[in-house]
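J.: Quick one: sequence plus predicted model below, questions after.
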Amino acid sequence: MNHGTRTLTRILVSFVLCFSALRGSAQDAKLQLANLDKLSAKAARVTDVTLDGSLLQFAVNMIQKIDSEDEDVAQLQSIIKNLKGIYIKSFEFDEASQYSKADVDGIRSQLTSPRWSKIVQSIEKRHNEYDEIYVLKNGDHVGGVVILVAEARELTVVNLVGEVPMDKVASLERHLAPGEKQSGKNKQKKESGHDQE
Amino acid sequence: MEQTAAFEDDRLKLALNLAVKGDGQAFEDLVREHQGMVFSIAYHFLQDRSLAEDLAQEVFLELFQTLDRIQSPAHLTYWLRRVTANRCIDQGRKKHRRREMALEEAPEPVASSPSADPMLLERLQQGLATLPEKQRLVVIMRFQEGLGPAEIAEVLEMPVNTVKSTLHRSLAELRKGLARKIREVRYAFF
Amino acid sequence: MHFSEDDLREALKRKDPGEGFTQRTMARVNQARVNQAQAEGTAPPATKKVNGKFLAWWTLRPAWTVVVAAVLLLACGIGGYQYSEYRHAEEMRIARAKQQQLQQEAEHARDQAIMALEIARAKLNHVLQHAQLQAEPSDKVRRQRL
């Protein structure tokens, strides 16, 4: 990680440390993303993840049982143990302008309550890129995170519900591939749902 | 894409299996998954939020009592739609609601996209309430649930051709009703 | 008045039943479960009508009654034991199959969770790096001026 990214990560860590107890309704932290489903027809690559309730609990239990001294595994375990839901909608298009401003505004309109804070924003109008990170404050804690990537050929919404340690998510190493329990194996990982095609 | 759809299906299959075995959390997951669909069918049919919530709860209660008959997530969706539709018809017959709704009784405003006309959407909902029960359900299944005529025929136990002609007739009635409303509003003001 | 099919879809968009619907529904379900259990618990036992003549024959031949009863008891005992062994083996088999299925589902869920967090990591760093790149040019200009 370069100096600048580390600085920004420290800013995020300070937000996490400032808001330190998890209270409040998990429902507020969960966005309604179903209005984006219509983009699947136009997308070249779609990733759709919904993990909550009993299924997320299964995943948490399995991950907690991994017996390893690897730091990455420990980080993964500490990230996931307090999560209540993981929701991802990611669409990659072959051409630009395949989604409308209204599609993105439909997401942003759910983030207008005073409990949501936009902590990072990156705008590059020339390339039509609008990237944002929001956190939900629950008293002293972070109760949810939304990462919104709206670019010319990509629209991604990542919604994490629960107590999210942002610094650990940012520094999670890439080589912790699914199904592997040991560290040290560098494996190419795809970000789509096409892993088993 | 196929993998995520298959994963979603596996997740629901697992929740269903666990719910049949008596897992309360799994049944709650199923309720959460489908409550939007069931409530919306009832709400758009009855145009009354508290009646729609009661009806939706009764559907899930009936589901709980007959869970062992559900064979798959797809069967569950079909079952929920069919039972909700039947209960809507029963409820509708009790109330004998087939009248024009005054503006004061209009349902809550639709959270619409910026391009849609909120007044138009409200009028459409009002117009829907004036359709006979089966016609209303056909329109709801088509435009809320996105079902094709064959699927609607299966859920509502009607012949496919009847579904098609009912849909055609319903849209014509809605257009006529809306035109009449606009004329009434014009006469009121001018 | 003209409206499009999209207008109808918009008017008939699915609505959220609101906060607390799930909890209220589960409260009704749980109440129904309790009521059902209570109803089953207090169900009166079935009464049997006894044929007077049939009973008379048995009461006049107590030895036979005892022998037949003993044979029946033995048969029931042996049959019952075998049946319970079979049931036990069957339940074990079903439990093992269910355990295996749950294990597979849990591993699948674990893999999905790891993939999801990897995507979160990638996007988080993507946004941070973009924000950093935007900040850097003004830093460079400031340094040049100094």
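T.: Everything's here; your move. Predicted model only: the values in this text are computed from it and were never measured.

J.: if I pick the residue nearest to the spatial centre of chain B, what's in contact with it?
T.: Chain B has residue B:41 as the residue nearest its centroid, 1.8 Å off, counting by C-alpha atoms, centre = their mean. Neighbouring residues of residue B:41 by C-beta atoms under 8 Å, 6 or more residues apart in numbering or on different chains: B:81, B:84-85, B:88, B:137, B:140-141, B:144-145. All C-beta atoms are positioned from the backbone trio N, CA, C, and that covers glycine.

J.: With residue A:160 instead?
T.: A:83, A:85-87, A:144-146, A:169, C:120.

J.: can we see that at 10 Å?
T.: By C-beta atoms under 10 Å, 6 or more residues apart in numbering or on different chains, residue A:160 lies in contact with A:29-30, A:79-80, A:83-88, A:135-136, A:142-147, A:166, A:169, C:116-117, C:120, C:124.

J.: Residue B:81 now?
T.: B:34, B:37-38, B:41, B:59, B:137, B:140-141, B:145, B:147, B:151-152, B:154-156.

J.: at 7 Å instead, please
T.: For residue B:81, the contacting residues are B:41, B:145, B:155, by C-beta atoms under 7 Å, 6 or more residues apart in numbering or on different chains.

J.: can you put those in CSV and add secondary structure?
T.: Listed next are the contacts of residue B:81 as CSV, based on DSSP: H, G, I helix; E, B strand; the rest coil:
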residue, secondary structure
B:41, helix
B:145, coil
B:155, helix
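
J.: between those residues, which is nearest residue C:106?
T.: residue B:145 (32.3 Å; C-beta to C-beta).

J.: Which pLDDT does the model give residue 8?
T.: By default, I'm working from chain A. For residue A:8, the model assigns a pLDDT of 68.

J.: Can you look at chain B instead?
T.: Here, the pLDDT recorded for residue B:8 equals 73.

J.: Got the phi and psi for the closest residue to it other than its chain neighbours?
T.: Nearest residue to residue B:8 in three dimensions, chain neighbours excluded: residue A:50, at 6.9 Å (C-beta to C-beta, 6 or more residues apart in numbering or on different chains). In terms of degrees, to the nearest 10, the main-chain angles of residue A:50 are phi -130, psi 110.

J.: Residue A:50 and residue A:161: what is the separation?
T.: Residue A:50 sits 11 Å away from residue A:161 when distances are taken as C-beta to C-beta, to the nearest Å.

J.: Same question for residue B:148.
T.: Counting by C-beta to C-beta, the gap from residue B:148 to residue A:161 is 35 Å.

J.: More neighbours: those two, which one.
T.: residue A:161 (24 against 12; other C-beta atoms under 10 Å in any protein chain shown).

J.: and the most centrally placed residue in chain A, which of the three is it?
T.: For chain A, the residue whose C-alpha lies nearest the mean C-alpha position (C-alpha atoms, centre = their mean) is residue A:158; its distance is 3.7 Å. Following three-state DSSP, the label given to residue A:158 is strand.

J.: Mind checking which of the contacts of residue B:41 are in helices?
T.: Judged by DSSP state H, helices contain the following of the contacts of residue B:41: B:81, B:84-85, B:88, B:137, B:140-141.

J.: Of the residues you listed, select the buried ones using a ChimeraX command.
T.: Command for ChimeraX that selects the buried part of those, burial taken from 16 or more other C-beta atoms under 10 Å in any protein chain shown:
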select /B:81,84,85,88,137,140,141
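
J.: which stretches of chain A form strands?
T.: For chain A, the strands defined by DSSP state E cover A:45-52, A:83-92, A:116-124, A:129-138, A:141-151, A:154-162.

J.: Would you format those strands as a markdown table with mean pLDDT included?
T.: Compiled in a markdown table, the strands of chain A are given as follows (pLDDT from 0 to 100):
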| stretch | mean pLDDT |
| --- | --- |
| strand A:45-52 | 91 |
| strand A:83-92 | 93 |
| strand A:116-124 | 89 |
| strand A:129-138 | 90 |
| strand A:141-151 | 91 |
| strand A:154-162 | 94 |
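
J.: any weak-confidence spans in chain B?
T.: B:1-6, B:95-116, B:181-190 (pLDDT under 70).

J.: go with 50
T.: Low-confidence segments of chain B (pLDDT under 50): B:1, B:97-107, B:109-112, B:189-190.

J.: Could you pick out the longest helix of it?
T.: Chain B, longest helix under DSSP H: helix B:160-189.

J.: which strands and helices sit next to it?
T.: Where contact means 3 or more C-beta pairs under 7 Å, 6 or more residues apart in numbering or on different chains; DSSP states H and E, helix B:160-189 is packed against helix B:118-130, helix B:133-143, helix B:149-156.
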